[in-house]
Each structure stands twice: as C-alpha cells, then as structure tokens.
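J.: everything below, folded, please.
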Amino acid sequence: MSMISMLVVAAVTMAMVVILSAFNGIESLIDSRYSYFDSDLSVIPLTNKVFSTDSLDCLDLQDVEGVKHCALSIEERVFAQYEDNQRIVILKGVEDSFISESGLDSMIIDGEARLYLEDTPQAVIGIGVKYDLDLRLFEQTFNPLRLSAVIRGKELRRNLTEALNKRNIPVAGVFTINIDFDSDYVIVPLKFASNLLEFDNEYSTVDIRIEEGADMETVQARLQETVGENYRVRSRLEKNEIIYKSNKTEKWATFLIMAFIMLIATFNIIAALTLLINEKRHDIAVLTGMGATVKSIRRIFFLEGALINTIGALVGMVLGLLFVYLQQELGLIRLEGGLVEFYPVEMEFTDFIAIFGLVVFCGILSSIAPVRFFTRKYAST
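T.: Numbering: from 1, shown residues only. Got it, this is the predicted structure:
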C-alpha cells in the first residue's frame, strides 16, 4: 500500500511538471512570435497619432543605457486592392534594418524578405492578406498591389477620388507568424508609407530593442524619464497584455485543478498509514509498555508518511524533468501543421518550488490525521 501511494504521488507530480512546462513553452512561443513585429519597447505619443523628429529624436534614445537599436516606424490602416478583391489592412512602414533586426526573413514562406529591389520599393505581406486578396506572387511585376489612404483633411463623402492617395507596390514575399499579424499586416519601406499617407517628417512609433541581458523594466523607466510626460514607453508585454495574462491565468487555474487532484491522491497516504498503524497496534502497545511516549510513536508514523510523500514527489519531479528534456531534444510529441514542429515545453524554477511546496503541504495534511487519531487509540497516554 505504501508503494502504491508513492507511485500515485509520483504520477501526479510528474503530470504537474509536464503540464506547467507546456504552459511555459506556449508562453515562450507566443513571446518569440510577437517579437518579430513588436519590439521590446515602443515610444508612442499621448497627445496625437504622430510626432515629428523635432520633438523626439531617435538618436537621443539610442544613447540610453540598455538600448541596442532604435528605429522609426509608421502604422496606419489603409485600403488594399488586388484586381477585384479588396479589404482594409494595417500598413507598417519600417526602416531598411527592420528585416534583419526582427528576424522576419526566417518567417517567409513564399518569395523573399526584401523592401527594395534595386530602387523600387516592395512589400512583404501576411499570408492571410494574400489569401483574402487572392494575390498571385509571380504576377507582381505587371499586376502589383494597390494601396489607398485617406488624405488628412479630406472627407470621403464629398469626393472619394480626391480624398484618397493611391500607390502601387509589388509584393516581394509572404510571411506567417501568427493569426493577428498574418491576417492584417502589409510591411513597406518607411519612405513609401510617408508618401502614401502624406506624412512630412512624421512618425507613429519609435521601436526599441534592448541589449541582451538588460532588464526591460529598468530600460523602460530610463526611457520614460528621457521622453517626458507627452510620450508613453510601452513594453511588448503591455501591448499584448490580454494574451499574456490569459495564458498565465490558464496556467495557474490548471495548477489549482492539479492541486485538488494531488490532495485527493494523498488520501492514499492516509489509507496506507491507517493500515500500517492498525497492523502495528500490538507493537505500539509493547513500545508504550517499555516507556515510549505517544509523541515519539506519532513521530515514527508521521515520518513514514512524510517519507512516502517526499520520495514520491522527488521521483515524479525527476521523471517530469526527464520527459521535458526528451521533448526539447527529441520532440516526443509532434505538432502536425503547427507553427513549430514539436510541442514547446520549458521548465521554470519557480514552478518547481510551487509543485514541491504543494506536495509537501498535502503530505503533511494527509499524515497528521491518521497518526493523531489511531495512535491515541492504540497507545496509552
């Protein structure tokens, strides 16, 4: 019975390690996918949609400690048309270094990751935009993508033709990152976006990537102090707060469910100790007659329960770690047609502390009740 109890605790502990590792892996995957578009930190104006470099110079931000790279960008909704198909897309104008800095070239599934072919500006679009417009990449030389933007100060209701700026741009490549970006984004050179939107030395965002090993919150505070109260320095986590928080909530909700399962599993320890104490009732009487106190007898059986629980927890953690390691190295569980080839897993030290603390707590609870009740019954005080 003790061995069965130990195996049950080990199995539940292993399951908790694997499940929490899976949630960590998903969170890391989400973070890595969003990092292709969303820089570590971004500076946005609070009083207007755009700002000029006269009021905020990117070179000044580049000198802030912890900042690796600083770049200007433009982001605005525009009208996209290809032959008879049309829809609203998000136009993102970026500097030439965006492709290399973001690693977007590794996300290209068709065509090439480039913003210029010689001196001709080109676009890189999400796969969802490609499908919605039924765009054929090999026809781009003679049949490019048409983008239209509302001229500031013009009203669409009066004269649709005069209220729109229209530009044609060939599509160089198609990327896939996640559904949010794939279905909306069209990436173009910064100069092309400025011309289309008629921005005169105006930009939407300053995208900042921090140095490896730098603390994001510390760099964010330094930048906020530098830009002042008219701008907000926002991290990637804050921009996609709902996504990150929902994953955290699901993770710890699952942890609570597994904690309840662990509490039920420790009932096996109660059963094992109850049977053990009942089996050893004559030995308890002998020990009592020899002068052993109730406290010392209780300690013996309590340590027995704690040993069952601790060994089970350690075995479960080792097996869980082994499974996580094999999943990372060999990919035991594959994802067919997913963003990654193998199901992502990642273990965090805080999860180990939480799991071990939970198992020990449940083990103590399950050991106290039978030890106090039955030793009082079989041992004379």
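J.: three-state assignment of the residue lying closest to residue 203 once chain neighbours are set aside?
T.: Closest residue to residue 203 apart from its sequence neighbours, by C-beta to C-beta, 6 or more residues apart in numbering: residue 72 at 4.5 Å. Glycine gets a C-beta too; all of them are placed from N, C-alpha and C. Classification of residue 72 into helix, strand or coil gives strand, according to DSSP: H, G, I helix; E, B strand; the rest coil.
J.: what residues are up against residue 68?
T.: Residue 68 makes contacts with 209-212, 214, as judged by C-beta atoms under 8 Å, 6 or more residues apart in numbering.
J.: check which residues of whichever helix or strand it is part of are buried.
T.: Assigned by DSSP states H and E, residue 68 falls within strand 67-82. Within strand 67-82, the residues scored as buried using 16 or more other C-beta atoms under 10 Å are 67, 69-76, 78-80, 82.
J.: with just CA atoms, put that strand into PDB.
T.: Once side chains and other backbone atoms are set aside, the C-alpha atoms of strand 67-82 remain, and they are given as PDB (Å, rounded to 0.1, in the frame of the first residue of the first chain):
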ATOM      1  CA  VAL A  67      19.200  50.300 -25.700                       C
ATOM      2  CA  LYS A  68      20.600  48.300 -28.500                       C
ATOM      3  CA  HIS A  69      18.700  49.600 -31.500                       C
ATOM      4  CA  CYS A  70      16.200  52.500 -32.200                       C
ATOM      5  CA  ALA A  71      14.100  52.800 -35.300                       C
ATOM      6  CA  LEU A  72      11.200  55.000 -36.500                       C
ATOM      7  CA  SER A  73       8.000  53.400 -37.900                       C
ATOM      8  CA  ILE A  74       4.600  54.300 -39.300                       C
ATOM      9  CA  GLU A  75       1.500  52.200 -38.700                       C
ATOM     10  CA  GLU A  76      -1.900  53.100 -40.200                       C
ATOM     11  CA  ARG A  77      -5.000  51.400 -41.600                       C
ATOM     12  CA  VAL A  78      -5.200  51.700 -45.400                       C
ATOM     13  CA  PHE A  79      -7.300  50.200 -48.200                       C
ATOM     14  CA  ALA A  80      -5.700  47.300 -50.200                       C
ATOM     15  CA  GLN A  81      -6.900  46.200 -53.600                       C
ATOM     16  CA  TYR A  82      -5.800  43.400 -55.900                       C
END
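J.: list the neighbouring strands of it plus their orientation.
T.: strand 85-94 (antiparallel), strand 145-150 (antiparallel), strand 205-210 (antiparallel) (DSSP bridges).
J.: average pLDDT for that strand?
T.: Averaged across strand 67-82, pLDDT comes to 90.
J.: ditto for stretch 303-317
T.: If you average the pLDDT values across stretch 303-317, you get 82.
J.: okay, it in CSV with CA atoms only?
T.: Once side chains and other backbone atoms are set aside, the C-alpha atoms of stretch 303-317 remain, and they are given as CSV (Å, rounded to 0.1, in the frame of the first residue of the first chain):
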residue,chain,number,x,y,z
LEU,A,303,8.0,10.3,9.3
GLU,A,304,6.7,7.2,7.5
GLY,A,305,4.0,9.3,5.8
ALA,A,306,6.4,12.1,5.0
LEU,A,307,8.9,9.6,3.5
ILE,A,308,6.2,8.2,1.2
ASN,A,309,5.3,11.7,0.1
THR,A,310,8.8,13.1,-0.3
ILE,A,311,10.1,10.1,-2.3
GLY,A,312,7.0,10.1,-4.5
ALA,A,313,7.5,13.9,-5.1
LEU,A,314,11.2,13.5,-6.0
VAL,A,315,10.6,10.6,-8.3
GLY,A,316,7.8,12.5,-10.0
MET,A,317,9.9,15.6,-10.5
